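Novice: Sequence below, structure please.
(3 chains)
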Amino acid sequence: MSLFRTLMVLSCMTLALIAAAYSIGDGDGRADFTYVNSAGIGTLDPASITWKQDIRVASNIWEGLTILDPRTGAPIAGAAELPEISADGLTYTFSIRLDARWSNGDAVTAGDFVRGWRRAIEPGSAGDYAFFLTDHVVGARAYYEWRTAAVADLSSSQTGSDAWRARFSRHAALLDERFAGVGFRAVASRTFEVRLVAPCSYFLDLCAFVALLPIHESIEDLRIDCEGSGITAEGLVVYDPQWTKPDYDESGYPGLITNGPYLLDAWAFQRRLRMRVNPYFRRSDSLSCRTIDMAVYGDLNAAILAYEAGDVDFLPEMDVSYGHELAGLAMSGARPDFYNPAVFATYFYLFNCADATVEGRRNPFVDARVRKAFVLALDRRLIAERVVGRGERPSGNVVPLGCIAGYDSPRGLEYDPDEARRLLADAGYPGGEGLGEIDLLYNTGFIHERVCTAMAEMWKRELGVAVVLRGKEAKTFSEDRKQRRFMIARAGWYGDYGDPTTFLDLFATGNGNNDSGHSDAKYDDLLREAAQETNIATRLSLLAAAESRIIRETLPALPLYQATQMLAINPRVSGLYPNARLVFPFRYVTTKP
Amino acid sequence: MIDTRNSLAWRRFRRNRAACLGLVVMVGLLLMSALAFPFSSRWSNVQDLQGAVRAAPTLRVVTPYDAYERALPDSLLGAGMHRVAGLAGYDDLGRSLLFRLCLGWLVSLGVGLGAAVMAVVIGVSWGATAAMAGGRVDAAMMRIVDILYGLPYVLFVILLKVVLEPPLRTVLHGQGHLANVIIVFVAIGAVSWLTMARVIRGQVLSLRSRPFVEAAYASGVGRMRVMWRHLLPNLVGPIAVYATLVIPQAILQESFLSFLGIGVVPPTPSLGLLATDGVQAVNSFVGFWWLIAFPCGILVLTLLALNFIGDGLRDALDPRTDAVAIF
Amino acid sequence: MIRTIVRRLLVGFATLFCVYAFTFLMVIVIPGNPFASADRNMPPEVVRALEARYDMDDNGAYFVQFLAGATHLDFGPSFQYKDWTCSQIIAQSLPVSLTLGLLAMLIAVLVGVPVGVYSAVWRDGWFDLSALGFVLIGISLPTFVTGTMLLTVFAVHLKTVPIGGWGTVMHLPLPALALSLPFMAYIARLTRVGMLDALGSDFVRTAVAKGLPKRVVIFKHVFKVAFLPVLSYLGPAAAQAMTGSFVVEKVFSVPGIGQHFVDSALNLDRGLIMSTVLVYAAIVIVFNIAVDTLYSFVDPRIQGSAR
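Specialist: Presented below is the predicted three-dimensional model:
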């Protein structure tokens, strides 16, 4: 019996231990408003944010020059008044609000914006959206390229060697002088001026994006610095990545300071993130939600169950395998708290247009006729309605339909299997003979998997070709796609700003995101012409001609549908507006108990 | 002498009701899926996106015969198969769940068998070599097993896919799906042999000190010969038992990999893939009960049967149950 | 005794180093770039500069640098979660998994051992058969199925516990139960076999012949012997349970370390892959040594290196 007794003692000890572990839980009660994040936070550094989930937090704790109106999606005044725009449309002068305050009480200055914007184009701190500035702001591209070349130069010599020292000091000495040539600057403490290379109808839209947020000066203490130059030995601009933590206090750092309606109160990794009203934000007393929790549910099924139980108030995503049922409930009105707004995004697949062989096998898609045959053989209505079925609009276009005022979308190709078979025979593959196995690359996820399975079967039936699915994990997938180790690959694109070029640039020769390898002189010419055109209507018609070229002739992509996003908002919450850009500013949210 | 021992074992096995039941279930499932194979192999991916998407189990004919027909000429068996296509309902793409289950069961069993063969071949040679060599070699070989236990499994599977896929596809020429299934069982087998090696090493160590082996050594028989002629026949029992028990483990492992999305790649079905699909469809709005009930039911039935058989085999081959070999 | 432990710890460190070296090899062989984001491409110069910054352009330097950091538990930055270091991630998620794993092992032993004992005592009776069925189902169902079923029954329909998450005591029982099922089943079978083995041995026959009551024989003599294999299983099992389970954490939204074993590999997050592997291997080694030490206390015949 003694062994049993030992067991009992052991169990009691374990239970006591567990109870002890629980006396230190996060027990500050439920927030006024709780929403779900299914993937955790990648980063809260505005310059390098790319995930929607991260943008959602950052755009609530910071405030840019403009913000997007959640009802219309149009830019409205944010931390600054709407700017004065010069007659030639090239110079924007923003006056920062008198009552714009950081969460520690400091006034928001034009210098804070210069700091934030500069981080967005410095190698090291710059992220995927550096092109917002390098494409539009005077001198930004030159500076970025000069810096990038210098970085390559510095890393080619041994750090600490004499050669490196000479290069480094030469480069460091020129830094501020070269930066002065970039077209954004603080004219006065509250006046921020931006000079553009060409008029840009959507520039205020860009100003609302997270990459162009202001940054408080306190982070300068966390800059990793080599010999007082402000850059590292490799020439990069790097900060201690801990600077986004609310409770980081190394070397006198006060913790993250932001200027938005909310401030970061607590952040536990992959567990919970709490926001609290920023007391220095203008009229902060009138904000209805005082505390906001971001709850992490790794499995969206569980998140939906938690929503149904009333544990969470807002589900910004509901990508579950029964999403079509939820969409059905939303559209029939049975669940008025479910929404499936069309979003500013296209779901498409890419053809490898450039490489004659892929992993040792012949790639038939270098022939535009084969690409066209594969597009024509696909019944995208069936895929949108029956395979995905969440209210997606089948579309043969790359630019989402009806989202851009004044843009007259060209007509995409329709389902035509007979023509597809004819084209395939023309290209030398009658009845699919001689094509070999076609690889279809996608990143694992049930929707992609389902769509790919359905497409493979359709091509098999209509064209007689054998398609092999190659599901890969996100990172290997993106590496494969970037290196063009694919014949057909899944893609998809969320528009970054309200203009067709956010989609059309993807297929331009030399674009960093052009994974299809598509290169067409006529298309590039049309885009270039449009970029130089000042008349808005003519510009849009040039862009429409360019889109027509890629969706009817050269076909680097196979567009399937305009995406929708399922979301759920508890009826006790008001002030959240389902919209195409998926912007959800929590400052407008009010909750009933 | 071996003969009497085997028939004795068989008699003992037959007395074990659970094991016999398991055997009957496995044979039944095997017969069913083998009979259906000519059809399930071609029809399991035929999609009816119009009428059959997520249709509940029914005796009615949902998908017209000509949707299937292109795959196989009309025959009596084919017509019969066509009539029962809806028996287990349809999935998200309007594919007959029955056909997918029949094929998926075979794929899962194939993965299990493949992994078991790998585990036996590598595990027995590794474990026996270590035990026979003894001393430093033994210690080193067992340390390697320890190290391999510690390696990150998911990373290993991804690596295996990256490394093995291109050459396998070249070798199998136009059989991309087969290549994928092979990678999955290789990935599982490459881990299952570790335990096998430990078990076999233990067995050989205990056999080595038995009088009959020492007698063989004393009469001048070489090491290899002792191994082949004297030790291996005595290892057949534990090997058989362990191999039977590796199969259900491997099937379970495959379902875990499928859950992660790095197992068998669709449209090839497997029990794990079907069960994952079913679990993901569980929700509080609409009940797609057949999507979870049938795949999980078959999975449990199969694994139970295999476990019963393994237990029965162990009792039959080694009446003094050995605590080390249980799984 | 102490010499044995020290020797095994030294071997353990050597094993750890080998695990690290092999993992490192695997990580650098797989193509893929930790700085890549899903849809957009970074200019190659910047990627190269970042790699230089983190010593990733030179595998040898990275190998040494990471190892040097690891000796004082500094595992460097995570590439997937850029604002966190691997040490922070582990520090936040490991305690969660340890708590859950401890509770799961407790449940597994407290249920598994008695079930095993009574199935052996009443061999082939109704209890034995139903226990066997239960045990085999525990082994036969994937955790993602049992977990989902538990969640649906207890959290959705009966509403006795919250749907998922972490933070209060009520968040514990369901994931702990789901995590314990396979271990429970295995322990029950192990106990049963051990009991049957011992029941058939000579010393038991002697004890019974001497006229000792059956109860005393079973619990005092048989059980003591039968528990030994369970004890040696508890080492690896506890190590496994306490380093978390991807599936359980996913189904019940538990912020444990198990998800990082899988996610770091899927995301090719080098630092996190190697730090989680090192943590896992270290825990396995420590538990094995602990159990073997315990073993030699319980059964003095065995010295140190029981496997």
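Novice: Please work out which residues outside the one helix or strand residue A:163 maps to touch it.
Specialist: Element membership of residue A:163, judged by DSSP states H and E, is helix A:162-179. Helix A:162-179 is contacted from outside by A:118, A:143, A:146-147, A:150, A:153-154, A:157-158, A:226-227, A:229-231, A:233, A:235, using C-beta atoms under 8 Å, 6 or more residues apart in numbering or on different chains. Any C-beta I mention is one placed from the backbone N, CA and C, and that applies to glycine too.
Novice: OK, contacts around the spatially most central residue of chain B?
Specialist: With distances taken as C-alpha atoms, centre = their mean, residue B:112 lies nearest the centre of chain B, 1.4 Å away. Counting by C-beta under 8 Å, 6+ apart, residue B:112 touches B:185, B:246-248, B:250-251, B:254, B:306.
Novice: Among these, which ones are in strands?
Specialist: Using DSSP state E, no member of those sits in strands.
Novice: As PDB, could you dump the C-alpha coordinates of stretch A:512-531?
Specialist: Output in PDB follows, covering the C-alpha atoms of stretch A:512-531 (Å, rounded to 0.1, in the frame of the first residue of the first chain):
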ATOM      1  CA  GLY A 512       9.800  42.800 -57.700                       C
ATOM      2  CA  ASN A 513       6.500  41.000 -57.200                       C
ATOM      3  CA  ASN A 514       6.200  39.700 -60.700                       C
ATOM      4  CA  ASP A 515       6.400  36.000 -59.900                       C
ATOM      5  CA  SER A 516       5.000  34.900 -63.200                       C
ATOM      6  CA  GLY A 517       8.000  36.100 -65.200                       C
ATOM      7  CA  HIS A 518       5.500  37.800 -67.600                       C
ATOM      8  CA  SER A 519       7.200  40.300 -69.800                       C
ATOM      9  CA  ASP A 520       5.300  42.100 -72.600                       C
ATOM     10  CA  ALA A 521       6.600  45.300 -74.200                       C
ATOM     11  CA  LYS A 522       3.100  46.500 -75.200                       C
ATOM     12  CA  TYR A 523       1.800  46.100 -71.700                       C
ATOM     13  CA  ASP A 524       4.800  47.900 -70.200                       C
ATOM     14  CA  ASP A 525       4.400  50.700 -72.700                       C
ATOM     15  CA  LEU A 526       0.700  51.100 -71.700                       C
ATOM     16  CA  LEU A 527       1.600  51.300 -68.000                       C
ATOM     17  CA  ARG A 528       4.400  53.800 -68.700                       C
ATOM     18  CA  GLU A 529       2.100  55.900 -70.800                       C
ATOM     19  CA  ALA A 530      -0.500  55.900 -68.100                       C
ATOM     20  CA  ALA A 531       2.000  56.900 -65.400                       C
END
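Novice: which helices and strands sit right next to the helix or strand containing residue A:344?
Specialist: Per DSSP H and E, residue A:344 falls inside strand A:342-351. Counting contacts by 3 or more C-beta pairs under 8 Å, 6 or more residues apart in numbering or on different chains; DSSP states H and E, strand A:342-351 is packed against strand A:488-494, strand A:557-564.
Novice: Return the set of buried residues in the first one.
Specialist: For strand A:488-494, burial by neighbour count (16 or more other C-beta atoms under 10 Å in any protein chain shown) applies to A:488-491, A:493-494.
Novice: closest to residue C:272 among the residues you listed?
Specialist: Distances from residue C:272 to the buried residues of strand A:488-494, taken as C-beta to C-beta, are shortest for residue A:490 (25.7 Å).
Novice: surely that closest one meets residue A:442?
Specialist: Yes. The pair residue A:490 / residue A:442 is scored as a contact, 4.0 Å apart, by C-beta atoms under 8 Å.
Novice: Enumerate every residue touching residue 82.
Specialist: In the absence of a named chain, this looks at chain A. Here residue A:82 is in contact with A:66, A:76, A:204 (criterion: C-beta under 8 Å, 6+ apart).
Novice: let's do chain C instead
Specialist: A:42-43, A:45, A:48, A:241.
Novice: What residues does the stretch 51-200 of chain B have near chain C?
Specialist: Contact residues (C-beta under 8 Å from any C-beta of the partner chain) of the stretch 51-200 of chain B with chain C: B:143, B:146-152, B:154-156, B:158-159, B:162-163, B:198.
Novice: next SSE after the longest helix anywhere in chain C?
Specialist: Criterion DSSP state H: the longest helix present in chain C is helix C:86-121. Downstream of helix C:86-121, the next assigned helix or strand under DSSP H and E is helix C:126-140.
Novice: As a check, name the ranges of all helices in the stretch 101-250 of chain C.
Specialist: Assigned by DSSP state H, counting those that start in this stretch, the helices in the stretch 101-250 of chain C fall at C:126-140, C:143-150, C:173-199, C:202-209, C:214-216, C:223-242, C:246-251.
Novice: closest to chain A out of the ones you listed?
Specialist: Nearest to chain A among these is helix C:246-251 (5.2 Å), distances taken as C-beta to the nearest C-beta.
Novice: Who are the contact partners of the closest residue in space to residue A:555 that isn't next to it in sequence?
Specialist: Leaving aside its sequence neighbours, residue A:555 sits nearest to residue A:371 (C-beta to C-beta, 6 or more residues apart in numbering or on different chains; 4.3 Å). With contact set as C-beta under 8 Å, 6+ apart, residue A:371 has these partners: A:351, A:353, A:365, A:555-556, A:558.
Novice: Greatest separation within the residues you listed: which pair is it?
Specialist: A:353 and A:558 (11.8 Å).
Novice: Just the mean pLDDT for stretch A:584-593, thanks.
Specialist: Stretch A:584-593 carries an average pLDDT of 90.
Novice: swap in stretch A:94-114?
Specialist: When pLDDT is averaged along stretch A:94-114, the result is 94.
Novice: Endpoint to endpoint, it covers what distance?
Specialist: 12 Å (C-alpha to C-alpha, to the nearest Å).
Novice: and if you look at stretch A:130-140?
Specialist: 9 Å.
Novice: State the pLDDT value of residue B:47.
Specialist: 86.
Novice: from what I can see it touches residue B:95, true?
Specialist: Yes. Using C-beta under 8 Å, residue B:47 is in contact with residue B:95, at 5.6 Å.
Novice: still on that earlier bit, any bit of the longest helix of chain C sitting next to chain A?
Specialist: Yes. With C-beta under 8 Å from any C-beta as the criterion, chain A is reached by helix C:86-121 at C:88-89, C:92-93, C:95, C:99, C:102-103, C:106, C:109-110, C:113.
Novice: Among those, name the buried ones.
Specialist: Among these, those classed as buried by 16+ other C-beta under 10 Å are C:88-89, C:92-93, C:99, C:102-103, C:106, C:109-110, C:113.
Novice: which secondary element of chain A has the worst mean pLDDT?
Specialist: Sorting the helices and strands of chain A by mean pLDDT, DSSP states H and E puts helix A:2-22 at the bottom, at a mean of 67.
Novice: ok, then the element right after that helix?
Specialist: Downstream of helix A:2-22, the first helix or strand assigned by DSSP H and E is strand A:33-37.
Novice: that older thread, list just the nearest of the contacts of residue B:112 to chain C.
Specialist: residue B:248 (7.0 Å).
Novice: how deep is the closest one tucked in, by neighbour count?
Specialist: Around residue B:248 there are 24 other residues, counting by other C-beta atoms under 10 Å in any protein chain shown.
Novice: wait, what's in contact with the closest residue to residue A:552 other than its chain neighbours?
Specialist: Nearest residue to residue A:552, sequence neighbours excluded (C-beta to C-beta, 6+ apart): residue A:413, at 6.2 Å. Neighbouring residues of residue A:413 by C-beta under 8 Å, 6+ apart: A:372, A:375-376, A:396, A:551-552.
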